[in-house]
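Student: show me how the following folds:
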Amino acid sequence: MKRTLTTLLLCLILGASAFAQGGQDKKPADSKPADAPSVDQILNKYVEASGGKAAIEKQTSRMAKGTFEIPAMGASGTAEVYEKAPNKSLIVITIPGFGVVQEGFNGTVAWSQNPQEGLREKSGQELADTKLDAEFYKTLKLKQLYPKITFKGKEKVGDKEAYHLEATPAEGSTEQWYFDAASGLLIRSDSERETPQGKMPVKTFMEDYRDVNGVKMPFSMRQELPMFTLTIKIDEVKPNVPIDDAKFNKPSGQ
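Tutor: Residues are numbered from 1 along each chain as shown. Alright, predicted model coming up:
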């Protein structure tokens, strides 16, 4: 049960990262229709749908609070996310009966602390993934962070038509992005991340976008994993709050 909870926490962190911005389907690439938008057009529409470059850059820090639930396991808890430009992040997850889990990055050092594994520093691919997720202005830097982005076709995500892009970062696994063809917003992201338990595929569905000081953010996320499905609900988001840089530092060893 403890190993399952640890795996769950890793997945929740991926979900929080998706909000902060935040198994891959192996399908053959669709031939691109003559009237299909270009990658640049899809990404530019995403920036505008999210509020536009000026509004996004006006935010320099963010604090969010929410809850998560796994119906199949009868598990639930709370989550807090702290972010600060250009690339600092801290996630605090509390699960009754298990304890508090923290995942932080101060721009250089990425670390994790939980009741089962204690305190550890991340390295290798885990560190690379954390750096990517911690980019505060990731929405504006997608082409810089993902040197290879290709159009894969138009597909259904639920009842919505979506443009499917495949994106490969400088380091790490290829990701699948699905942008609502009507609104331009990101509504699904498939990724595979390195964890202490091995690679883990995660499908994240972003819903209930709301305006936060001029920037659209998803307040509801659903994650589909090989073992179960979980939901994340955001209760409040506060932009431009003062956050001491020391908050993101790795705690002293126990």
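Student: the lowest-mean-pLDDT helix or strand in the chain: what's the following helix or strand?
Tutor: The helix or strand of the chain with the poorest confidence is helix 2-21; it has a mean of 55 (mean pLDDT, DSSP states H and E). The helix or strand immediately downstream of helix 2-21 is helix 39-49, counting by DSSP states H and E.
Student: can you name every helix or strand that that following helix contacts?
Tutor: helix 142-145, strand 148-157, strand 160-168, strand 175-180 (3 or more C-beta pairs under 8 Å, 6 or more residues apart in numbering; DSSP states H and E). The way it works is simple: take the backbone N, C-alpha and C, and place the C-beta from them, glycine included.
Student: select, out of those, the one closest to residue 71.
Tutor: In terms of C-beta to C-beta, the element of those nearest to residue 71 is strand 148-157, at 21.5 Å.
Student: give the rounded mean pLDDT of the one helix or strand residue 103 maps to.
Tutor: If you go by DSSP H and E, residue 103 is part of strand 99-105. Averaging pLDDT along strand 99-105 gives 94.
Student: and if you look at stretch 134-144?
Tutor: Averaged across stretch 134-144, the pLDDT comes to 96.
Student: gap between the two ends of it?
Tutor: Taking C-alpha to C-alpha, to the nearest Å, the span from the opening residue of stretch 134-144 to its closing residue is 14 Å.
Student: give the buried residues for it.
Tutor: By neighbour count on 16 or more other C-beta atoms under 10 Å, the buried set for stretch 134-144 is 134, 135, 136, 138, 139, 140, 142.
Student: check which residues of the strand holding residue 103 are buried.
Tutor: For strand 99-105, burial by neighbour count (16+ other C-beta under 10 Å) applies to 101, 102, 103, 104, 105.
Student: show me what secondary structure element comes after that strand.
Tutor: strand 110-114.
Student: residues near residue 158, how many?
Tutor: Applying other C-beta atoms under 10 Å, we find 11 residues neighbouring residue 158.
Student: typo on my end, it should be residue 127
Tutor: Neighbour count for residue 127, taken as other C-beta under 10 Å: 18.
Student: can you pull out the low-pLDDT segments for this structure?
Tutor: 1-34, 194-197, 253-254 (pLDDT under 70).
Student: now residue 168: how far from residue 145?
Tutor: Distance, residue 168 to residue 145, using C-beta to C-beta, to the nearest Å: 10 Å.
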